[in-house]
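Engineer: Quick one, fold the following:
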Amino acid sequence: MPVIDESLAKDIPPGTEILRTKIWEPYSIYKKFIGAGKGEKINTGFLTEKKKPGVAEKLSVWLRGNLFIPDARCYWIKPSVKYLSNYLQNNKVDAIVSTGPPHSMHLIAMQLSKKFNIPWVADFRDPWTNIDYYKDLMLTTLADAKHHRLEREVVTSASRVVVVGKTMQEEFERDFNRKVDVITNGYDTEDIQSNSESLNFPKSPTANWQLPTADSSNTFQANEKFIISHVGTLVRSRNPFKLWSSIAALTKTNPAFANQLQIRLTGKVDIAVRNSLRELGLEKIVTYIEYLPHDQVIREQQQASVLLLVLNNTQNAKGILTGKMFEYLAARRPILCIGPPDGDAAEIITETQSGTTISFDDQNKMDSNISSLYEKFKSGTLNVNSINVEKYARKSLTGEMVKVLDGAVAGH
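Structural biologist: Below is the predicted model of the structure:
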């Protein structure tokens with residue numbers, strides 16, 4: 001059950017035809033199986049929030065990986081193909097675009113493209129078999145082979161293939177021997193501008209901003225606190241323990257830093273991350289915000305002293321480009337990225353002069369960077385003079401997708 005954010009509905013252009021049909025998902029059965037409450041959400045990419053996974057949860061992961069292929073939305077495929085086939089028999093379209101994950105969307109598009117001979121663009125916002133948690137699905141040899149077979153069929157059958165970054169492009173072109181286009185994620189200019197105006201941003205990095213939230217205790221003033229803010233899910237593989245250690249050490253040697261520091265974590269946080277913060281004595285200066293609507297997320301980013309971007313400490317880390325990174329760029333606050341200095345995210349952060357990337361284990365650089373950021377905060381010089389950010393606006397990226405669609409239609 002994903003979080004539904006109604007504030008995003010305004011992004012749909014007026015006059016857009018929206019087709020809806022009922023589908024079934026196995027989450028109600030899954031939640032009963034693991035003993036989860038009726039209103040409890042099922043989260044992608046990690047299992048643990050409040051407890052270690054038990055036997056039931058481990059078995060459910062096995063079932064998910066081996067029976068629900070490519071994902072739990074596989075039950076969308078057959079009814080969606082039937083529903084959309086009826087639509088396409090009476091309505092002409094120039095092209096189909098499928099976006100995954102969930103990769104079941106690609107299987108729907110592939111069947112429709114073949115059935116009606118319509119050009120098709122397969123858009124991968126995340127990898128399929130190379131995603132960081134793929135190895136944790138406890139796949140049998142047969143299931144693993146089926147995942148790889150379906151992935152290859154999608155990538156080789158599509159008229160055009162789009163991926164989110166250069167590393168994914170290199171991997172796809174190497175593994176599937178075909179041309180692949182890159183269109184990164186991006187940010188919505190109107191969202192950024194409307195929230196900036198409501199905050200009188202960016203007049204000064206020390207303006208008296210206040211963040212409206214459902215919990216009034218979350219209200220703060222940016223000139224009173226040195227705020228390190230992370231927005232998004234913090235899974236176990238993203239736990240920046242050495243960064244927390246640097247921060248904890250500085251709180252012990254610098255009372256002013258300890259008094260002004262606030263860590264704000266917006267989104268689901270794995271129990272491993274909470275335990276690390278507790279062990280290091282940082283929990284008292286951490287504010288956990290489980291969920292904010294997208295418009296308030298933008299405000300949260302704009303009001304941070306430092307925006308923390310933590311990539312998964314996994315073998316595919318070089319190719320990870322999270323969607324929130326581009327909103328971080330647009331917020332024009334210093335970005336502290338924990339991840340591979342030679343990865344795709346680091347390249348964009350360097351190119352736009354938006355912050356610093358530090359490898360997962362570089363304790364010394366983390367120590368010096370946190371100290372430097374705080375000293376700039378105290379002197380009122382914690383600013384970002386970023387460049388070339390505008391090319392990651394969604395309007396600009398939409399132009400790139402139009403070129404890909406034109407190519408798919410022309411080459412079909």
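
Engineer: Using PDB, list the CA coordinates for stretch 279-288.
Structural biologist: C-alpha atoms of stretch 279-288 as PDB (Å, rounded to 0.1, in the frame of the first residue of the first chain):
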ATOM      1  CA  GLU A 279      23.700   4.600  20.800                       C
ATOM      2  CA  LEU A 280      25.600   7.800  19.900                       C
ATOM      3  CA  GLY A 281      23.400   9.900  22.200                       C
ATOM      4  CA  LEU A 282      21.900  11.900  19.300                       C
ATOM      5  CA  GLU A 283      18.300  10.900  19.600                       C
ATOM      6  CA  LYS A 284      17.400  13.900  21.800                       C
ATOM      7  CA  ILE A 285      18.200  16.300  18.900                       C
ATOM      8  CA  VAL A 286      16.500  14.200  16.200                       C
ATOM      9  CA  THR A 287      13.000  15.100  15.000                       C
ATOM     10  CA  TYR A 288      11.300  12.200  13.200                       C
END
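
Engineer: Show me which residues of it are buried.
Structural biologist: 280, 282, 285-288 (16 or more other Cβ atoms under 10 Å). (Each C-beta comes from the backbone N, C-alpha and C, glycine too.)

Engineer: Is it possible to get a markdown table of those that adds secondary structure and pLDDT?
Structural biologist: Output for the buried residues of stretch 279-288, formatted as a markdown table (DSSP: H, G, I helix; E, B strand; the rest coil; pLDDT from 0 to 100):
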| residue | secondary structure | pLDDT |
| --- | --- | --- |
| 280 | coil | 97 |
| 282 | coil | 97 |
| 285 | helix | 96 |
| 286 | strand | 97 |
| 287 | strand | 97 |
| 288 | strand | 96 |
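
Engineer: Residue 224: neighbour count?
Structural biologist: Neighbour count of residue 224, defined by other Cβ atoms under 10 Å: 12.

Engineer: Just give the nearest non-adjacent residue to it, would you?
Structural biologist: Among residues not flanking residue 224 along the chain, residue 260 sits closest, at 7.2 Å (Cβ to Cβ, 6 or more residues apart in numbering).

Engineer: so how far is residue 90 from the one you found?
Structural biologist: 63 Å (Cβ to Cβ, to the nearest Å).

Engineer: Mind checking which of these two has more residues around it?
Structural biologist: Ranked by neighbour count (other Cβ under 10 Å), residue 260 and residue 90 place residue 260 first, with 17 against 6.

Engineer: list the contacts for residue 76?
Structural biologist: 23, 102, 104-105, 108 (Cβ atoms under 8 Å, 6 or more residues apart in numbering).

Engineer: Can you check the pLDDT for it?
Structural biologist: Residue 76 carries a pLDDT value of 94.

Engineer: ditto for residue 15
Structural biologist: Per-residue pLDDT puts residue 15 at 88.

Engineer: so how many other residues sit close to it?
Structural biologist: For residue 15, using other Cβ under 10 Å, the count is 5.

Engineer: For residue 168, what is the enclosing helix or strand?
Structural biologist: Here residue 168, judged by DSSP states H and E, is contained in helix 166-176.

Engineer: Need the residues that contact that helix.
Structural biologist: 124, 127, 130, 152, 155-156, 161, 163, 178-182, 318-319, 343-344, 347.

Engineer: Also stretch 61-70?
Structural biologist: Residues contacting stretch 61-70 (Cβ under 8 Å, 6+ apart): 26, 30, 47, 53, 71-72, 74, 102-104, 107, 128, 136-140, 143, 146-147, 150-151.

Engineer: What subset of those is buried?
Structural biologist: Going by neighbour count (16+ other Cβ under 10 Å), the contacts of stretch 61-70 have 26, 30, 47, 71-72, 74, 102-104, 107, 128, 137, 139, 143, 147, 150-151 buried.

Engineer: What are the boundaries of the strands in the protein?
Structural biologist: Counting by DSSP state E, the chain has strands at residues 96-100, 120-124, 160-163, 181-182, 226-231, 261-266, 286-289, 306-310, 335-338, 355-358.

Engineer: Run a quick neighbour tally on the closest residue to residue 280 other than its chain neighbours.
Structural biologist: Leaving out its chain neighbours, the residue that sits closest to residue 280 by Cβ to Cβ, 6+ apart is residue 248, at 4.0 Å. Per other Cβ under 10 Å, the neighbour tally for residue 248 reads 16.

Engineer: same check, this time on residue 135
Structural biologist: 14.

Engineer: distance of it from residue 63?
Structural biologist: From residue 135 to residue 63 the distance is 17 Å (Cβ to Cβ).

Engineer: Show me the shaky parts of the stretch 151-300 of the chain.
Structural biologist: Applying pLDDT under 70 to the stretch 151-300 of the chain flags residues 193-223.

Engineer: Domain-wise, how is this protein divided?
Structural biologist: Annotated domains of the chain cover 6-181, 189-391 [automatic domain parsing].

Engineer: From what I see, residue 105 and residue 81 are in contact.
Structural biologist: No - the criterion here is Cβ atoms under 8 Å, and residue 105 misses it with residue 81 at 11.4 Å.

Engineer: Those two: who's more crowded?
Structural biologist: Between residue 105 and residue 81, residue 105 has the larger neighbour count (other Cβ under 10 Å), namely 22 against 17.

Engineer: quick one, phi/psi of the nearest residue to residue 323 once chain neighbours are set aside?
Structural biologist: Spatially, and ignoring its direct neighbours in sequence, residue 323 is nearest to residue 185 (4.3 Å; Cβ to Cβ, 6+ apart). Per-residue torsions, residue 185: phi -70, psi 170 (degrees, to the nearest 10).

Engineer: Is it correct that residue 185 is in contact with residue 126?
Structural biologist: No - using Cβ under 8 Å, residue 185 is not in contact with residue 126, being 10.4 Å away.

Engineer: ok so, going back, can you give me every residue that contacts the residue nearest to residue 224?
Structural biologist: Per Cβ under 8 Å, 6+ apart, neighbours of residue 260: 224-226, 374, 377.

Engineer: The closest residue to residue 98 other than its chain neighbours - how many residues pack around it?
Structural biologist: Using Cβ to Cβ, 6+ apart and skipping the chain neighbours, the partner closest in space to residue 98 is residue 109 (3.5 Å). By other Cβ under 10 Å, the residues close to residue 109 number 26.
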